[in-house]
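>>> please find the sequence and the predicted model below.
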Amino acid sequence: MILFLLLFLGWGAGPDAFADPETGRKLFREKTCVLCHKIDKPGTEFVPACPGLKGVRNRHSKAWVRKWLKDPAAVWATQDADVQDINARYFRYRGSKPRPRESFMATVVGKKIILTDDEIEALIEYLWSL
Ligand code: HEC
């Protein structure tokens, strides 16, 4: 059982073991994330229209962000707890009650896969440093 657990944890650490936050920082600009997201604003502020990414590591697991960056439309469609949390924050910031809405990120960037797995891991390491 313990061996199984160690194998499982080792496997889980695999993809991001060599990902580099500095590469992620560059990708954040090159892949236009920077146009929508402020890295020095908290997730409660949607400036200009997208959540600030400071402390994003406290709001999601790496596994969730991995799925999100691959296919935001599919993740949004699940309406899981993370999605509902984003939506609640969005409407709180606007001072109105939560209601269903489309994912803005999926609408604008999520129609095609724009990131390789390695790019996603580097971006996650960068996001985890914010
Ligand atoms: C067109 C604007 C736009 C671009 C470009 C964009 N995002 Fe987003 N992102 C959003 C919006 C808006 C949300 C909130 C959910 C929604 O409406 O889609 C979001 C949500 C997120 C979240 C969850 C934040 C939280 O507080 O819960 C992360 C992480 C994220 N984006 C990372 C990225 C990364 C990394 C990139 C670059 C590859 C990127 N985004 C590009 C608009 C954008």
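Structure's in. What do you need? Numbering: from 1, shown residues only.
>>> name the nearest residue to Val108, sequence neighbours excluded.
Cys36 (7.8 Å; Cβ to Cβ, 6 or more residues apart in numbering). (Glycine included, C-beta is placed from N, CA and C.)
>>> then Thr32?
Val109 (7.4 Å).
>>> check Arg66 too.
Nearest non-adjacent residue to Arg66, counting by Cβ to Cβ, 6+ apart: Ile120, 5.9 Å away.
>>> do you know the pLDDT at Pro42?
Per-residue confidence for Pro42 comes out at a pLDDT of 97.
>>> that one contacts Arg59, correct?
No - contact criterion Cβ atoms under 8 Å: Pro42 and Arg59 do not qualify, at 9.7 Å.
>>> Ala77 and the ligand: what is the separation?
Distance, Ala77 to the ligand, using Cβ to the nearest ligand atom, to the nearest Å: 12 Å.
>>> burial measure for the residue nearest to Arg66, as a count.
Ile120: 24 surrounding residues under other Cβ atoms under 10 Å.
>>> same deal with Cys36?
Look at Cys36: counted by other Cβ under 10 Å, it has 17 neighbours.
>>> I'd say it and Cys50 touch.
Yes - Cys36 is in contact with Cys50 according to Cβ under 8 Å; the separation is 4.1 Å.
>>> so what sits against both of those two?
Common neighbours of Cys36 and Cys50, using Cβ atoms under 8 Å, 6 or more residues apart in numbering, are Met105.
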